[in-house]
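Engineer: Dropping the sequence and predicted coords here.
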Amino acid sequence: MWATLTACVGLLSPGCVPAETAPATPAHAVLAQSTNGAQTLTDAQPVADLARAIGDALVRLGDLYRDGRVTAADGTKISGYYDRLAANEDGGALYAVIPPESLLTEGVRVEPQAPAALQTYAQAAEMGNAEALMRLGDLFYDGEVVPPDLPQAYDYYRLAALAGSQTGKLRAGEMLARGEGVARDFAWGSTMVREVAETGSATAFLVLGDLFTLQESGFANGVTAAGAYEQAAALGSNQALVELGDLYFGGELVEADFERAYGYFTRAAEAGSQTATLRAGEMLARGQGVAQDLAGGFAMMRGVAEAGNAGAFVILADLHLDPDLAPPDAATALDLYRRGAALGNAQAALRLADAYYGSTLVETDLPVAFGYYEDAADAGSLTGKLRMGEMLARGQGVPQNYQRGRTLVREVADTGSLSALLTLGDLYSDGEGGPVDGPAAVEAYERAVSLGDSRALLRLGDLYRDGRGVPVDGPRALEYYHQAVVGQAIN
(Lines give C-alpha, C1' and ligand atoms only; values in the text may rest on other atoms or scores of the structure.)
Protein backbone atom coordinates (compact mmCIF):
# COMPACT_ATOMS: atom_id res chain seq x y z
CA MET A 1 0.00 0.00 0.00
CA TRP A 2 2.82 2.41 0.84
CA ALA A 3 5.37 1.13 -1.67
CA THR A 4 6.64 4.38 -3.18
CA LEU A 5 5.74 7.85 -1.93
CA THR A 6 6.81 11.31 -2.90
CA ALA A 7 7.68 13.90 -0.24
CA CYS A 8 6.70 17.35 -1.35
CA VAL A 9 7.09 20.95 -0.40
CA GLY A 10 3.57 22.03 -1.31
CA LEU A 11 0.22 20.73 -2.33
CA LEU A 12 0.87 21.69 -5.94
CA SER A 13 4.22 19.91 -6.14
CA PRO A 14 4.38 16.95 -8.58
CA GLY A 15 3.27 13.68 -7.06
CA CYS A 16 1.10 15.18 -4.28
CA VAL A 17 -2.63 14.55 -4.07
CA PRO A 18 -4.49 17.33 -2.23
CA ALA A 19 -7.03 16.44 0.41
CA GLU A 20 -10.59 17.10 -0.67
CA THR A 21 -11.12 20.10 1.60
CA ALA A 22 -7.56 21.41 1.82
CA PRO A 23 -6.92 24.86 0.32
CA ALA A 24 -4.76 24.75 -2.78
CA THR A 25 -1.99 26.90 -1.32
CA PRO A 26 1.69 26.13 -0.72
CA ALA A 27 2.44 24.32 2.54
CA HIS A 28 5.36 22.82 4.39
CA ALA A 29 6.50 19.29 3.65
CA VAL A 30 5.68 16.43 5.95
CA LEU A 31 8.68 14.33 4.97
CA ALA A 32 12.25 15.29 4.18
CA GLN A 33 12.75 15.94 0.48
CA SER A 34 15.62 14.21 -1.26
CA THR A 35 17.88 15.91 -3.77
CA ASN A 36 15.82 14.71 -6.73
CA GLY A 37 12.52 15.70 -5.09
CA ALA A 38 11.36 12.19 -4.22
CA GLN A 39 12.29 9.26 -2.03
CA THR A 40 11.28 5.63 -1.66
CA LEU A 41 10.07 4.53 1.79
CA THR A 42 9.31 1.14 3.28
CA ASP A 43 5.76 0.04 4.08
CA ALA A 44 6.09 0.98 7.81
CA GLN A 45 7.89 4.32 7.62
CA PRO A 46 5.29 6.46 5.85
CA VAL A 47 2.56 5.70 8.37
CA ALA A 48 4.85 6.69 11.25
CA ASP A 49 6.04 9.81 9.43
CA LEU A 50 2.53 10.88 8.53
CA ALA A 51 1.34 10.33 12.11
CA ARG A 52 4.23 12.40 13.42
CA ALA A 53 3.53 15.20 10.98
CA ILE A 54 -0.17 15.26 11.88
CA GLY A 55 0.69 15.09 15.57
CA ASP A 56 2.99 18.10 15.20
CA ALA A 57 0.23 19.98 13.39
CA LEU A 58 -2.26 19.15 16.14
CA VAL A 59 0.15 20.48 18.75
CA ARG A 60 0.29 23.76 16.85
CA LEU A 61 -3.50 23.78 16.62
CA GLY A 62 -3.63 23.24 20.38
CA ASP A 63 -1.35 26.26 20.76
CA LEU A 64 -3.79 28.33 18.73
CA TYR A 65 -6.67 27.26 20.99
CA ARG A 66 -4.55 27.99 24.08
CA ASP A 67 -3.56 31.44 22.85
CA GLY A 68 -7.02 32.45 21.60
CA ARG A 69 -6.03 32.62 17.95
CA VAL A 70 -8.62 30.31 16.42
CA THR A 71 -12.40 30.29 16.59
CA ALA A 72 -14.26 27.15 17.58
CA ALA A 73 -15.76 26.84 14.08
CA ASP A 74 -12.41 27.18 12.29
CA GLY A 75 -10.75 24.83 14.76
CA THR A 76 -13.36 22.17 14.07
CA LYS A 77 -12.79 22.45 10.32
CA ILE A 78 -9.01 22.25 10.72
CA SER A 79 -9.32 19.23 13.02
CA GLY A 80 -11.54 17.56 10.45
CA TYR A 81 -8.89 18.13 7.80
CA TYR A 82 -6.26 16.38 9.94
CA ASP A 83 -8.69 13.55 10.76
CA ARG A 84 -9.19 12.89 7.05
CA LEU A 85 -5.44 12.89 6.48
CA ALA A 86 -4.96 10.45 9.34
CA ALA A 87 -7.62 8.15 7.87
CA ASN A 88 -5.60 8.12 4.62
CA GLU A 89 -8.54 7.16 2.46
CA ASP A 90 -6.34 7.03 -0.63
CA GLY A 91 -3.57 4.73 0.55
CA GLY A 92 -1.44 5.18 -2.54
CA ALA A 93 -0.84 8.88 -2.13
CA LEU A 94 0.77 11.27 0.32
CA TYR A 95 -1.33 14.16 1.56
CA ALA A 96 0.74 17.27 2.35
CA VAL A 97 0.13 18.35 5.92
CA ILE A 98 -0.65 22.04 5.93
CA PRO A 99 0.21 23.79 9.22
CA PRO A 100 -2.87 25.14 11.01
CA GLU A 101 -1.63 28.72 10.83
CA SER A 102 -1.94 28.57 7.04
CA LEU A 103 -5.61 27.64 7.33
CA LEU A 104 -6.56 30.59 9.51
CA THR A 105 -7.87 34.02 8.86
CA GLU A 106 -5.10 36.37 9.96
CA GLY A 107 -5.57 38.53 13.02
CA VAL A 108 -8.27 36.44 14.72
CA ARG A 109 -8.38 37.00 18.48
CA VAL A 110 -10.81 35.17 20.77
CA GLU A 111 -10.82 33.98 24.36
CA PRO A 112 -8.43 31.07 25.07
CA GLN A 113 -10.29 27.77 24.67
CA ALA A 114 -8.90 25.49 27.34
CA PRO A 115 -11.12 22.42 26.70
CA ALA A 116 -10.37 22.47 22.98
CA ALA A 117 -6.64 22.92 23.64
CA LEU A 118 -6.60 20.00 26.07
CA GLN A 119 -8.55 17.77 23.69
CA THR A 120 -6.28 18.63 20.75
CA TYR A 121 -3.08 18.09 22.72
CA ALA A 122 -4.49 14.80 24.01
CA GLN A 123 -5.27 13.69 20.45
CA ALA A 124 -1.68 14.43 19.43
CA ALA A 125 -0.38 12.66 22.52
CA GLU A 126 -2.34 9.54 21.60
CA MET A 127 -0.44 9.58 18.31
CA GLY A 128 2.81 9.32 20.28
CA ASN A 129 3.70 13.02 20.17
CA ALA A 130 5.96 13.82 23.13
CA GLU A 131 5.67 17.57 22.59
CA ALA A 132 1.91 17.31 23.11
CA LEU A 133 2.56 15.73 26.50
CA MET A 134 4.90 18.60 27.29
CA ARG A 135 2.22 21.13 26.37
CA LEU A 136 -0.25 19.37 28.66
CA GLY A 137 2.29 19.44 31.47
CA ASP A 138 2.94 23.14 30.89
CA LEU A 139 -0.79 23.95 30.93
CA PHE A 140 -1.32 22.31 34.31
CA TYR A 141 1.95 23.64 35.75
CA ASP A 142 1.49 27.28 34.72
CA GLY A 143 -2.20 27.40 35.58
CA GLU A 144 -2.91 30.32 33.27
CA VAL A 145 -5.42 28.69 30.92
CA VAL A 146 -6.59 25.87 33.19
CA PRO A 147 -6.51 25.66 37.01
CA PRO A 148 -3.02 24.65 38.21
CA ASP A 149 -2.64 20.97 39.01
CA LEU A 150 0.95 20.05 39.86
CA PRO A 151 0.38 16.29 40.23
CA GLN A 152 -1.22 16.26 36.77
CA ALA A 153 1.65 18.34 35.37
CA TYR A 154 4.20 15.94 36.84
CA ASP A 155 2.44 12.95 35.32
CA TYR A 156 2.44 14.52 31.86
CA TYR A 157 6.11 15.50 32.10
CA ARG A 158 6.94 11.96 33.21
CA LEU A 159 5.03 10.52 30.26
CA ALA A 160 6.82 12.92 27.92
CA ALA A 161 10.12 11.69 29.33
CA LEU A 162 9.09 8.09 28.73
CA ALA A 163 8.21 9.10 25.17
CA GLY A 164 11.79 10.30 24.69
CA SER A 165 11.56 13.98 25.55
CA GLN A 166 14.69 15.25 27.30
CA THR A 167 12.81 18.39 28.28
CA GLY A 168 10.12 16.22 29.85
CA LYS A 169 12.77 14.34 31.78
CA LEU A 170 14.28 17.63 32.94
CA ARG A 171 10.94 19.04 34.12
CA ALA A 172 9.90 15.79 35.83
CA GLY A 173 13.28 15.54 37.53
CA GLU A 174 13.12 19.13 38.77
CA MET A 175 9.61 18.66 40.15
CA LEU A 176 10.67 15.43 41.85
CA ALA A 177 13.68 17.12 43.44
CA ARG A 178 11.57 20.07 44.60
CA GLY A 179 8.63 17.94 45.72
CA GLU A 180 6.21 19.75 43.40
CA GLY A 181 3.14 17.62 42.72
CA VAL A 182 4.92 14.50 43.95
CA ALA A 183 6.67 13.34 47.12
CA ARG A 184 10.14 14.83 47.16
CA ASP A 185 12.98 12.55 46.11
CA PHE A 186 15.89 14.94 45.73
CA ALA A 187 18.48 12.28 44.98
CA TRP A 188 16.56 10.67 42.13
CA GLY A 189 15.19 13.96 40.79
CA SER A 190 18.61 15.61 40.68
CA THR A 191 20.02 12.48 39.03
CA MET A 192 17.46 12.79 36.25
CA VAL A 193 18.37 16.45 35.78
CA ARG A 194 22.08 15.62 35.75
CA GLU A 195 21.55 12.95 33.10
CA VAL A 196 19.90 15.52 30.85
CA ALA A 197 22.65 18.03 31.60
CA GLU A 198 25.33 15.55 30.57
CA THR A 199 23.83 15.42 27.09
CA GLY A 200 25.16 18.97 26.73
CA SER A 201 22.13 20.91 27.95
CA ALA A 202 23.03 24.30 29.40
CA THR A 203 19.47 24.68 30.68
CA ALA A 204 19.71 21.42 32.61
CA PHE A 205 23.03 22.42 34.20
CA LEU A 206 21.39 25.72 35.20
CA VAL A 207 18.48 23.85 36.80
CA LEU A 208 20.92 21.52 38.54
CA GLY A 209 22.72 24.50 40.03
CA ASP A 210 19.42 25.94 41.23
CA LEU A 211 18.49 22.64 42.90
CA PHE A 212 21.71 22.60 44.91
CA THR A 213 20.99 26.09 46.25
CA LEU A 214 17.70 24.93 47.84
CA GLN A 215 18.52 25.03 51.52
CA GLU A 216 15.14 23.62 52.54
CA SER A 217 15.88 20.43 50.60
CA GLY A 218 18.62 19.43 53.02
CA PHE A 219 20.96 18.86 50.06
CA ALA A 220 22.18 22.41 49.48
CA ASN A 221 25.79 22.44 48.36
CA GLY A 222 27.43 25.61 47.17
CA VAL A 223 30.39 23.88 45.56
CA THR A 224 28.14 21.54 43.57
CA ALA A 225 25.89 24.43 42.59
CA ALA A 226 28.85 26.51 41.44
CA GLY A 227 30.19 23.59 39.42
CA ALA A 228 26.87 23.14 37.66
CA TYR A 229 26.60 26.86 36.92
CA GLU A 230 30.16 26.84 35.55
CA GLN A 231 29.20 24.01 33.20
CA ALA A 232 26.12 25.92 32.07
CA ALA A 233 28.21 29.06 31.51
CA ALA A 234 30.73 27.07 29.48
CA LEU A 235 27.83 25.96 27.28
CA GLY A 236 26.81 29.58 26.69
CA SER A 237 24.31 30.30 29.48
CA ASN A 238 24.50 33.96 30.41
CA GLN A 239 22.04 33.40 33.26
CA ALA A 240 24.51 30.98 34.81
CA LEU A 241 27.04 33.82 35.10
CA VAL A 242 24.42 35.90 36.91
CA GLU A 243 23.72 33.00 39.28
CA LEU A 244 27.44 32.59 39.97
CA GLY A 245 27.68 36.28 40.73
CA ASP A 246 24.74 36.04 43.13
CA LEU A 247 26.23 32.93 44.75
CA TYR A 248 29.57 34.58 45.54
CA PHE A 249 28.01 37.92 46.44
CA GLY A 250 25.57 36.39 48.93
CA GLY A 251 28.12 34.19 50.63
CA GLU A 252 25.54 31.81 52.11
CA LEU A 253 26.59 28.56 50.44
CA VAL A 254 30.11 29.53 49.47
CA GLU A 255 32.53 31.99 51.01
CA ALA A 256 31.62 35.53 49.96
CA ASP A 257 33.96 36.86 47.29
CA PHE A 258 32.94 40.27 45.98
CA GLU A 259 35.77 40.43 43.48
CA ARG A 260 34.78 37.13 41.97
CA ALA A 261 31.10 38.10 41.99
CA TYR A 262 31.88 41.37 40.21
CA GLY A 263 33.82 39.44 37.59
CA TYR A 264 30.88 37.15 36.84
CA PHE A 265 28.44 40.07 36.71
CA THR A 266 30.76 41.94 34.35
CA ARG A 267 31.03 38.96 32.00
CA ALA A 268 27.27 38.56 31.94
CA ALA A 269 26.81 42.30 31.43
CA GLU A 270 29.17 42.25 28.47
CA ALA A 271 27.05 39.47 27.00
CA GLY A 272 23.95 41.66 27.25
CA SER A 273 22.37 40.83 30.62
CA GLN A 274 20.54 43.85 32.04
CA THR A 275 20.29 42.18 35.45
CA ALA A 276 24.05 41.68 35.53
CA THR A 277 24.66 45.24 34.37
CA LEU A 278 22.56 46.53 37.29
CA ARG A 279 24.40 44.28 39.75
CA ALA A 280 27.83 45.27 38.43
CA GLY A 281 26.84 48.94 38.32
CA GLU A 282 25.73 48.94 41.94
CA MET A 283 28.91 47.13 43.04
CA LEU A 284 30.98 49.68 41.12
CA ALA A 285 29.07 52.54 42.75
CA ARG A 286 29.59 51.05 46.22
CA GLY A 287 33.16 49.89 45.62
CA GLN A 288 32.37 46.24 46.30
CA GLY A 289 34.97 43.94 44.76
CA VAL A 290 36.26 46.79 42.60
CA ALA A 291 37.61 50.31 43.09
CA GLN A 292 34.68 52.62 43.77
CA ASP A 293 33.44 54.70 40.86
CA LEU A 294 30.12 56.28 41.80
CA ALA A 295 29.63 58.09 38.51
CA GLY A 296 30.62 55.05 36.46
CA GLY A 297 28.28 52.77 38.40
CA PHE A 298 25.38 55.19 38.06
CA ALA A 299 26.06 55.49 34.33
CA MET A 300 25.86 51.70 33.89
CA MET A 301 22.55 51.53 35.71
CA ARG A 302 21.13 54.56 33.95
CA GLY A 303 21.93 52.94 30.61
CA VAL A 304 19.74 49.97 31.57
CA ALA A 305 16.99 52.30 32.78
CA GLU A 306 17.05 54.36 29.60
CA ALA A 307 16.69 51.11 27.63
CA GLY A 308 13.22 50.78 29.19
CA ASN A 309 13.94 48.69 32.28
CA ALA A 310 11.51 50.10 34.84
CA GLY A 311 13.11 48.28 37.76
CA ALA A 312 16.42 49.97 37.01
CA PHE A 313 14.84 53.36 37.67
CA VAL A 314 13.79 52.14 41.13
CA ILE A 315 17.24 50.78 42.00
CA LEU A 316 18.93 53.93 40.78
CA ALA A 317 16.50 56.13 42.71
CA ASP A 318 17.09 54.11 45.90
CA LEU A 319 20.84 54.64 45.54
CA HIS A 320 20.34 58.40 45.16
CA LEU A 321 18.75 58.32 48.63
CA ASP A 322 21.49 56.20 50.24
CA PRO A 323 23.50 58.45 52.59
CA ASP A 324 26.36 55.91 52.60
CA LEU A 325 27.09 56.77 48.96
CA ALA A 326 26.50 60.51 48.79
CA PRO A 327 24.25 63.20 50.24
CA PRO A 328 20.66 62.14 49.41
CA ASP A 329 19.24 63.74 46.28
CA ALA A 330 15.48 63.68 46.77
CA ALA A 331 14.64 65.59 43.58
CA THR A 332 16.56 63.18 41.35
CA ALA A 333 15.22 60.15 43.21
CA LEU A 334 11.61 61.29 42.87
CA ASP A 335 12.09 61.95 39.16
CA LEU A 336 13.52 58.45 38.69
CA TYR A 337 10.63 56.90 40.63
CA ARG A 338 8.17 58.79 38.44
CA ARG A 339 9.82 57.47 35.30
CA GLY A 340 9.69 53.93 36.65
CA ALA A 341 6.04 54.33 37.63
CA ALA A 342 5.23 55.67 34.17
CA LEU A 343 6.50 52.35 32.81
CA GLY A 344 4.10 50.45 35.06
CA ASN A 345 6.51 49.44 37.83
CA ALA A 346 4.57 48.74 41.02
CA GLN A 347 7.55 49.34 43.34
CA ALA A 348 8.18 52.77 41.83
CA ALA A 349 4.52 53.69 42.36
CA LEU A 350 4.69 52.44 45.97
CA ARG A 351 7.82 54.48 46.68
CA LEU A 352 6.08 57.62 45.39
CA ALA A 353 2.89 56.85 47.29
CA ASP A 354 4.78 56.38 50.54
CA ALA A 355 6.69 59.61 49.92
CA TYR A 356 3.52 61.65 49.39
CA TYR A 357 1.67 59.93 52.24
CA GLY A 358 4.23 61.15 54.73
CA SER A 359 8.00 61.51 54.41
CA THR A 360 10.83 64.01 54.42
CA LEU A 361 11.27 63.73 50.66
CA VAL A 362 8.29 65.80 49.59
CA GLU A 363 5.36 67.69 51.07
CA THR A 364 2.50 65.41 52.12
CA ASP A 365 -0.25 65.16 49.51
CA LEU A 366 -2.81 62.45 50.30
CA PRO A 367 -4.73 62.63 46.98
CA VAL A 368 -1.46 62.15 45.09
CA ALA A 369 -0.46 59.33 47.45
CA PHE A 370 -3.80 57.60 46.86
CA GLY A 371 -3.34 57.86 43.10
CA TYR A 372 0.05 56.19 43.26
CA TYR A 373 -1.23 53.44 45.56
CA GLU A 374 -3.98 52.86 43.01
CA ASP A 375 -1.35 52.68 40.23
CA ALA A 376 0.61 50.14 42.26
CA ALA A 377 -2.53 48.08 42.83
CA ASP A 378 -3.33 48.15 39.12
CA ALA A 379 0.21 46.86 38.49
CA GLY A 380 -0.47 43.87 40.76
CA SER A 381 0.84 45.09 44.11
CA LEU A 382 -1.08 43.73 47.09
CA THR A 383 0.56 46.37 49.28
CA GLY A 384 -0.78 49.07 46.98
CA LYS A 385 -4.24 47.50 47.12
CA LEU A 386 -4.09 47.30 50.93
CA ARG A 387 -3.05 50.93 51.35
CA MET A 388 -5.60 52.07 48.78
CA GLY A 389 -8.35 50.19 50.63
CA GLU A 390 -7.36 51.65 53.99
CA MET A 391 -7.34 55.20 52.63
CA LEU A 392 -10.77 54.65 51.06
CA ALA A 393 -12.19 53.29 54.30
CA ARG A 394 -10.80 56.20 56.31
CA GLY A 395 -11.47 58.88 53.72
CA GLN A 396 -7.83 59.90 53.42
CA GLY A 397 -7.22 61.89 50.24
CA VAL A 398 -10.52 60.65 48.74
CA PRO A 399 -14.18 60.72 49.75
CA GLN A 400 -14.76 58.04 52.37
CA ASN A 401 -16.17 54.75 51.10
CA TYR A 402 -15.70 52.31 53.97
CA GLN A 403 -17.62 49.48 52.27
CA ARG A 404 -15.36 49.49 49.22
CA GLY A 405 -12.27 50.11 51.32
CA ARG A 406 -12.97 47.23 53.68
CA THR A 407 -13.66 44.96 50.73
CA LEU A 408 -10.27 45.73 49.19
CA VAL A 409 -8.47 45.15 52.49
CA ARG A 410 -10.39 41.90 53.05
CA GLU A 411 -9.36 40.65 49.58
CA VAL A 412 -5.72 41.18 50.49
CA ALA A 413 -6.26 39.60 53.91
CA ASP A 414 -7.67 36.53 52.22
CA THR A 415 -4.27 35.96 50.58
CA GLY A 416 -2.85 35.37 54.09
CA SER A 417 -1.33 38.82 54.58
CA LEU A 418 -0.74 39.55 58.27
CA SER A 419 -0.59 43.30 57.64
CA ALA A 420 -3.95 43.17 55.89
CA LEU A 421 -5.56 41.12 58.68
CA LEU A 422 -4.36 43.61 61.30
CA THR A 423 -5.53 46.53 59.18
CA LEU A 424 -8.91 44.88 58.65
CA GLY A 425 -9.33 44.35 62.38
CA ASP A 426 -8.40 48.00 62.97
CA LEU A 427 -10.95 49.22 60.42
CA TYR A 428 -13.68 47.23 62.15
CA SER A 429 -12.68 48.29 65.66
CA ASP A 430 -11.44 51.89 65.76
CA GLY A 431 -14.54 53.65 64.38
CA GLU A 432 -12.55 55.64 61.83
CA GLY A 433 -12.85 53.17 58.98
CA GLY A 434 -16.61 52.81 59.19
CA PRO A 435 -19.05 51.62 61.88
CA VAL A 436 -17.53 49.50 64.64
CA ASP A 437 -18.09 45.77 64.13
CA GLY A 438 -16.62 43.94 67.10
CA PRO A 439 -17.19 40.34 65.97
CA ALA A 440 -15.65 41.08 62.56
CA ALA A 441 -12.65 42.70 64.26
CA VAL A 442 -12.22 39.69 66.55
CA GLU A 443 -12.36 37.34 63.56
CA ALA A 444 -9.67 39.29 61.69
CA TYR A 445 -7.36 39.50 64.71
CA GLU A 446 -7.82 35.81 65.54
CA ARG A 447 -6.91 34.88 61.99
CA ALA A 448 -3.71 36.90 62.45
CA VAL A 449 -3.02 35.10 65.73
CA SER A 450 -3.46 31.76 63.98
CA LEU A 451 -0.70 32.84 61.60
CA GLY A 452 1.60 33.58 64.54
CA ASP A 453 1.31 37.34 65.08
CA SER A 454 1.42 38.50 68.72
CA ARG A 455 0.42 42.07 67.80
CA ALA A 456 -3.07 40.74 67.14
CA LEU A 457 -3.16 39.37 70.73
CA LEU A 458 -2.49 42.86 72.04
CA ARG A 459 -5.24 44.29 69.85
CA LEU A 460 -7.67 41.62 71.07
CA GLY A 461 -6.76 42.48 74.64
CA ASP A 462 -7.43 46.16 73.99
CA LEU A 463 -10.74 45.31 72.32
CA TYR A 464 -12.09 43.39 75.34
CA ARG A 465 -10.54 45.81 77.85
CA ASP A 466 -12.30 48.82 76.25
CA GLY A 467 -15.46 47.03 75.12
CA ARG A 468 -15.24 48.27 71.53
CA GLY A 469 -17.96 46.35 69.72
CA VAL A 470 -17.77 43.52 72.26
CA PRO A 471 -18.74 43.28 75.94
CA VAL A 472 -16.09 44.46 78.38
CA ASP A 473 -14.26 41.36 79.60
CA GLY A 474 -11.26 42.09 81.82
CA PRO A 475 -10.22 38.45 82.46
CA ARG A 476 -10.33 37.70 78.74
CA ALA A 477 -8.31 40.81 77.95
CA LEU A 478 -5.76 39.80 80.58
CA GLU A 479 -5.48 36.35 79.04
CA TYR A 480 -4.73 37.83 75.62
CA TYR A 481 -2.07 40.10 77.12
CA HIS A 482 -0.59 37.15 78.97
CA GLN A 483 -0.37 35.11 75.78
CA ALA A 484 1.39 37.97 74.04
CA VAL A 485 3.87 38.43 76.89
CA VAL A 486 4.82 34.77 77.25
CA GLY A 487 5.23 34.49 73.51
CA GLN A 488 2.72 31.80 72.68
CA ALA A 489 2.42 33.47 69.28
CA ILE A 490 5.45 34.12 67.14
CA ASN A 491 5.93 37.68 65.94
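Structural biologist: Yes, it's here. Numbering: from 1, shown residues only.
Engineer: now stretch 114-124: how far from the chain's centre is it?
Structural biologist: Centroid displacement of stretch 114-124 relative to its chain, using C-alpha atoms, centre = their mean, to the nearest Å, is 23 Å.
Engineer: Pull out the buried positions in it.
Structural biologist: Along stretch 114-124, these residues count as buried under the neighbour rule (16 or more other C-beta atoms under 10 Å): 116, 117, 118, 119, 120, 121, 122, 123, 124. Placement of C-beta: from N, CA and C, glycine included.
Engineer: pLDDT averaged over it - what is it?
Structural biologist: Mean per-residue pLDDT for stretch 114-124: 93.
Engineer: Then stretch 390-401?
Structural biologist: Averaged across stretch 390-401, pLDDT comes to 97.
Engineer: and the end-to-end length of it?
Structural biologist: With C-alpha to C-alpha, to the nearest Å as the measure, the ends of stretch 390-401 fall 10 Å from one another.
Engineer: Now do it: everything it contacts.
Structural biologist: Applying C-beta atoms under 8 Å, 6 or more residues apart in numbering, the contact partners of stretch 390-401 are 365-370, 373, 402, 404-406, 408-409, 423, 427, 432-434.
Engineer: hmm, which of the residues you listed are the buried ones?
Structural biologist: For the contacts of stretch 390-401, buried by 16+ other C-beta under 10 Å: 368-370, 373, 402, 405-406, 408-409, 423, 427, 433-434.
Engineer: In terms of model confidence, name the weakest of the residues you listed.
Structural biologist: Minimum pLDDT across the buried ones among the contacts of stretch 390-401 falls on residue 433, with 86.
Engineer: out of everything not next to it in sequence, what's closest to the spatially most central residue of the chain?
Structural biologist: Nearest residue to the geometric centre of the chain (C-alpha atoms, centre = their mean): residue 142, 8.1 Å. In space, and not counting its chain neighbours, residue 142 is closest to residue 148: 7.2 Å by C-beta to C-beta, 6 or more residues apart in numbering.
Engineer: pretty sure that neighbour belongs to a helix, no?
Structural biologist: No - counting by DSSP: H, G, I helix; E, B strand; the rest coil, residue 148 is located in no helix; its state is coil.
Engineer: Phi and psi next, for it.
Structural biologist: When read as degrees, to the nearest 10, the backbone of residue 148 gives phi -60, psi 140.
Engineer: I'd guessed it sits against residue 137; true?
Structural biologist: No - counting by C-beta atoms under 8 Å, residue 137 is not a contact partner of residue 148; they are 11.6 Å apart.
Engineer: More neighbours: which of these two?
Structural biologist: residue 137 (29 against 13; other C-beta atoms under 10 Å).
Engineer: And what about the more buried one, helix, strand or coil?
Structural biologist: Strictly by three-state DSSP, residue 137 counts as helix.
Engineer: I'd assumed residue 156 was in contact with it.
Structural biologist: Yes - the criterion here is C-beta under 8 Å, and residue 137 meets it with residue 156 at 3.6 Å.
Engineer: helices and strands of the chain: which one bottoms out on pLDDT?
Structural biologist: Least confident helix or strand of the chain, by mean pLDDT, DSSP states H and E, is helix 44-67 with a mean of 78.
Engineer: so what's residue 139 up against?
Structural biologist: 66, 114, 117, 118, 121, 145, 146, 153.
Engineer: so can I have JSON lines of those showing distance to residue 310?
Structural biologist: Below are the contacts of residue 139 laid out as JSON lines (distance: C-beta to C-beta, whole Å):
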{"residue": "66", "distance to residue 310": "28"}
{"residue": "114", "distance to residue 310": "31"}
{"residue": "117", "distance to residue 310": "32"}
{"residue": "118", "distance to residue 310": "35"}
{"residue": "121", "distance to residue 310": "35"}
{"residue": "145", "distance to residue 310": "27"}
{"residue": "146", "distance to residue 310": "30"}
{"residue": "153", "distance to residue 310": "31"}
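Engineer: now the strands for this structure?
Structural biologist: For the chain, strands defined by DSSP state E do not occur.
Engineer: ok, now how distant is the residue lying closest to residue 279 once chain neighbours are set aside from residue 362?
Structural biologist: Distance criterion C-beta to C-beta, 6+ apart; nearest residue to residue 279, sequence neighbours excluded, is residue 265 at 4.4 Å. Per C-beta to C-beta, to the nearest Å, residue 265 is found 33 Å from residue 362.
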